[in-house]
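J.: Structure, please.
(one chain, ligands or ions: 1)
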Amino acid sequence: MCSEEAAPPVGRVVRVDLDDTASRLGVPVEDIDHVHRLAGDRPSAPLPAKADAPAILDQLAVRPDDAAEIMAGWPDTGSPLWTPELRWLLDRSIALVRADLGGHGWLSPGPALPRERGPAWRHLYVYAYLALVDVVTGYHRDHGVADAVSWVTLADLGRNLAIDRRMHREGWPVMQSWLTLHARGGIYELGRLQHQRGGSAIDLHIPDSGPLTPEAVAASLDEARTFFPRHFPDERYTAFSCGSWLLDPQLLEYLPADSNIVQFQRRFELEPYEEPEGLDADVEVLRFGFRTLTTPLDQLPRRTVLQRAIVDHLKAGRHWQWRRGRFPI
Ligand SMILES: CC(C)(COP(=O)(O)OP(=O)(O)OC[C@H]1O[C@@H](n2cnc3c(N)ncnc32)[C@H](O)[C@@H]1OP(=O)(O)O)[C@@H](O)C(=O)NCCC(=O)NCCS
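T.: Next comes the predicted model:
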């Protein structure tokens, strides 16, 4: 399934000049230095053969409009879209993520790029993800994970690309890091929820895939209770945990008691509130409630009780909280 031809040439640029690479990519040199240090000369992985890519993108739930862009920017040998520094970053980003195969921490695959510069720039981390599909499905197989779980998990790529398109591309900088969890075998979609491996707790994530009914949540938790001991027997989980805007108790002031969000929140014992570093809950609530980060409050839709709550709360000068909680397995 892999083509030698599609493999980008390995890091000549780095031996030349990190400063030059950074300035050509339009990103801070610290970011390039970071990639260089983490990836070192570790092995990369080839992209799938271009002829196989449409079927793979389809399996990854990538919608036709996104798939067309990805195919148009494909890093063919000699493609004028791919400058040496873009090829270097693609190659080293794959190596960086691959080096942490099996990891489950937050990992940036590289700097946020000026994506408006074209399809290679826009989808560089998608090509990296595609190169890692073979690597991570191999890891899944080594752990006895069923193909169906692998593919539904990895198909979060298509969901995130569609959301990013809806967000006029505002959403991608977070998503490019988020998707390294999938590419390293750190997260598994089991029914309604995504389950991230961790220390003593399985961290829960809620994809944008319809209502969060208590029944669907219960079924997903049950699935996880058997999945992790079976496939990761060396890991011991004693709790489910979650960090989310969904756990902000202020939502109780606005949402009906039988709403799915309130019922989800009731499962958790909250940790004391601490302002999270590098994360603004007001921005996150806008991301998940409106799929925009920049629309002025007055222009946001007021279609649902949640949307009205978000806007009214912020207009009253109040703030939303990103809360963490857990409950025993
Ligand atoms: C989590 C999620 C599935 C909950 O949706 P749900 O099951 O419909 O939730 P509830 O039953 O509690 O909804 C209560 C009200 O809020 C509205 N609502 C819920 N989530 C909403 C959202 N993301 N955007 C706009 N309105 C939303 C519902 O439509 C309902 O309002 P209505 O009665 O006026 O129609 C949904 O918010 C979602 O898809 N979010 C995106 C993913 C996400 O936030 N993940 C967590 C990241 S940390």
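J.: which parts of the chain sit against the ligand?
T.: Within the chain, the positions near the ligand by CB under 6 Å from any ligand atom are 206, 208, 211-212, 244-246, 255, 259-261, 288-289, 304-307. Yep, even glycine has a C-beta here, placed from its N, CA and C like the rest.
J.: So which of these sit within helices?
T.: Counting by DSSP state H, these place 260, 261, 288, 289, 305, 306, 307 in helices.
J.: If you rank these by neighbours, which is first?
T.: For these, neighbours were counted by other CB atoms under 10 Å; the highest total belongs to residue 261, with 21 neighbours.
J.: Tell me where the chain has strands.
T.: Ranges of strands in the chain, per DSSP state E, are 187-190, 193-196, 201-205, 239-244, 269-270, 323-328.
J.: What count of nearby residues applies to the closest residue to residue 170 other than its chain neighbours?
T.: Among residues not flanking residue 170 along the chain, residue 293 sits closest, at 5.0 Å (CB to CB, 6 or more residues apart in numbering). Residues lying near residue 293 (other CB under 10 Å) number 14.
J.: likewise residue 324?
T.: When neighbours are counted by other CB under 10 Å, residue 324 comes out with 17.
J.: That one touches residue 239, doesn't it?
T.: No. With contact defined as CB atoms under 8 Å, residue 324 does not count as touching residue 239 (11.5 Å).
J.: tally of neighbours for residue 114?
T.: Per other CB under 10 Å, the neighbour tally for residue 114 reads 12.
J.: Renumber starting at 617 from here on
T.: All set: I'll call the first residue 617, so the last point we hit is now residue 730.
J.: wait, isn't it in contact with residue 737?
T.: Yes. Contact criterion CB under 8 Å: residue 730 and residue 737 qualify, at 6.2 Å.
J.: sorry, back to before: pick the one among the ones in helices among the residues of the chain next to the ligand closest to residue 668.
T.: Using CB to CB, residue 904 comes nearest to residue 668 of these, at 34.1 Å.
J.: For the nearest residue to that closest one once chain neighbours are set aside, report the pLDDT, please.
T.: Closest residue to residue 904 apart from its sequence neighbours, by CB to CB, 6+ apart: residue 861 at 6.2 Å. Here the pLDDT value assigned to residue 861 is 98.
J.: Tell me, how many residues neighbour residue 861?
T.: Residue 861 sits with 23 neighbouring residues when counted by other CB under 10 Å.
J.: Against residue 703, how distant is residue 689?
T.: Noted for residue 689: a distance of 13 Å to residue 703, by CB to CB, to the nearest Å.
J.: meant to ask about residue 874
T.: Separation of residue 874 from residue 703 (CB to CB): 54 Å.
J.: Find the closest residue to the ligand in the stretch 617-766 of the chain.
T.: residue 722 (13.5 Å; CB to the nearest ligand atom).
J.: if I pick that residue, what's in contact with it?
T.: 793, 797 (CB atoms under 8 Å, 6 or more residues apart in numbering).
J.: Over to residue 847?
T.: Counting by CB under 8 Å, 6+ apart, residue 847 touches 759, 760, 761.
J.: The residues you listed, buried ones only, as a ChimeraX selection?
T.: Of the contacts of residue 847, the buried ones go into a single ChimeraX selection, burial set by 16 or more other CB atoms under 10 Å:
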select :761
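J.: Compile the contacts of residue 847 into a markdown table and extend it with columns for pLDDT and distance to residue 673.
T.: Below are those laid out as a markdown table (pLDDT from 0 to 100; distance: CB to CB, whole Å):
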| residue | pLDDT | distance to residue 673 |
| --- | --- | --- |
| 759 | 98 | 25 |
| 760 | 98 | 26 |
| 761 | 98 | 21 |
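J.: any idea which residue sits dead centre in the chain?
T.: Nearest to the mean C-alpha position of the chain, counting by CA atoms, centre = their mean, stands residue 794 at 2.5 Å.
J.: what about the spatially closest residue to that one that is not a sequence neighbour, neighbour count?
T.: Among residues not flanking residue 794 along the chain, residue 776 sits closest, at 7.2 Å (CB to CB, 6+ apart). Neighbours of residue 776 under the rule other CB under 10 Å: 25.
J.: go on, residue 852?
T.: Neighbour count for residue 852, taken as other CB under 10 Å: 11.
J.: wait, what's in contact with it?
T.: Contacts of residue 852 by CB under 8 Å, 6+ apart are residue 816.
J.: Tell me how far it lies from residue 845.
T.: Going from residue 852 to residue 845 by CB to CB gives 9 Å.
J.: And for residue 674?
T.: Distance, residue 674 to residue 845, using CB to CB: 33 Å.
J.: Residue 728 now?
T.: As judged by CB to CB, residue 728 and residue 845 stand 38 Å apart.
J.: repeat for residue 791
T.: Per CB to CB, residue 791 is found 30 Å from residue 845.
J.: If anything else comes up later, I'll come back, but that's it for now.
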